[in-house]
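**Q** Fold the following.
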Amino acid sequence: IIGCAHLAHTSMYAQVRDQIRVTAFGSERSVMRRLLDLMCDATVDLTADLEFAEHYQQFSAMLMLGPSRNVKGTSIAQFIVEEDRESVRNQMLGGEEAEGA
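**A** Now for the predicted structure:
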């Protein structure tokens, strides 16, 4: 019985600890987002494939695409000059060129 109680306590402690970490990360990310919004004309989130995660009206307007142009699912590469695309992609994904920089 004592072993089961200890196991349950350890498991609950781990779950609470993990939840606190998730909450702290979300709060930290929220603060960073607010700071970036104050300092930048537009901020965006990209997927693992370097595509826009959502529609970013400010980004579209800033590039004079029109605020109604939906960029969700569009690759960020479309907005980077062709000769720099591979280098920027490698840097954003943490590739070899990013290490040499």
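**Q** hang on, residue 17 in a helix?
**A** Yes. Under DSSP: H, G, I helix; E, B strand; the rest coil, residue 17 sits within a helix.
**Q** mind listing the helices for this protein?
**A** Using DSSP state H, the helices of the chain run over 2-39, 57-62, 85-93, 96-100.
**Q** got the contact list for stretch 38-54?
**A** If you take CB atoms under 8 Å, 6 or more residues apart in numbering as the criterion, stretch 38-54 is touched by 33, 36-37, 56, 58-59, 61-62, 71-77, 89, 92-93. C-beta here means a position set from N, CA and C on the backbone, and glycine is covered the same way.
**Q** Out of the residues you listed, which end up buried?
**A** 56, 59, 71, 74, 75, 76, 77, 89 (16 or more other CB atoms under 10 Å).
**Q** residue contacts, the second one?
**A** The contact partners of residue 59, by CB under 8 Å, 6+ apart, come to 42, 44, 52, 71.
**Q** Show the pLDDT at the second one.
**A** Note for residue 44: predicted pLDDT of 89.
**Q** List phi and psi for it.
**A** Main-chain torsions, residue 44, degrees, to the nearest 10: phi -140, psi 160.
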